[in-house]
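>>> Got a sequence here, can you model it:
(one chain, ligands or ions: 1)
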Amino acid sequence: MKDNFYEAKKIMCMYCKCNETAETFTTHVVNYKSCLIIVKNVPCVECVQCGESFFSDEVAATLEKIVNHAKNFLQEISVIDYQKAA
Ligand SMILES: [Zn+2]
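Here you go, the predicted structure:
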């Protein structure tokens with residue numbers, strides 16, 4: 001994961017189709033069975049205009065891998081740092 005990924009490629013908002021998006025970080029929480037999988041520091045794109053935030057395809061794919069991996073080691077609460085797991 002390159003630090004300048006979003007600078008190199010401006011992302012259009014998938015909700016209102018504007019180009020005013022800002023890169024930020026979020027915490028992704030998945031409820032799986034009776035367990036919680038928490039992924040911290042996930043890079044996401046937040047729309048300046050409509051305020052919606054979403055993941056790029058690359059991040060969404062990585063996130064899915066991290067969550068699937070965590071499902072194999074189910075603990076009541078799993079806390080994963082995206083920056084270290086990606
Ligand atoms: Zn928008």
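>>> could you point out the longest helix in the protein?
For the chain, the longest helix by residue count, based on DSSP state H, is helix 57-71.
>>> Buried residues of that helix, list them for me.
59, 62-63, 66-67, 70 (16 or more other Cβ atoms under 10 Å). The C-beta positions use only the backbone N, C-alpha and C, and glycine is treated the same way.
>>> Can you tell me which of these comes closest to the ion?
Nearest to the ion, judged by Cβ to the ion, of the buried residues of helix 57-71 is V59 at 17.3 Å.
>>> Test my guess that the closest one contacts V39.
No: using Cβ atoms under 8 Å, V59 is not in contact with V39; the gap is 10.4 Å.
>>> what residues are shared contacts of those two?
With contacts defined as Cβ atoms under 8 Å, 6 or more residues apart in numbering, no residue is shared by V59 and V39.
>>> re the thing from before, immediately after the longest helix of the chain, which helix or strand?
Moving toward the C-terminus from helix 57-71, the next helix or strand (DSSP states H and E) is strand 77-81.
>>> Now find how far off-centre that following strand is within its chain.
Computed by Cα atoms, centre = their mean, to the nearest Å, the chain-centroid distance of strand 77-81 equals 14 Å.
>>> Show me what it pairs with in its sheet, parallel or antiparallel.
Here strand 77-81 is paired, per DSSP bridges, with strand 35-47 (parallel).
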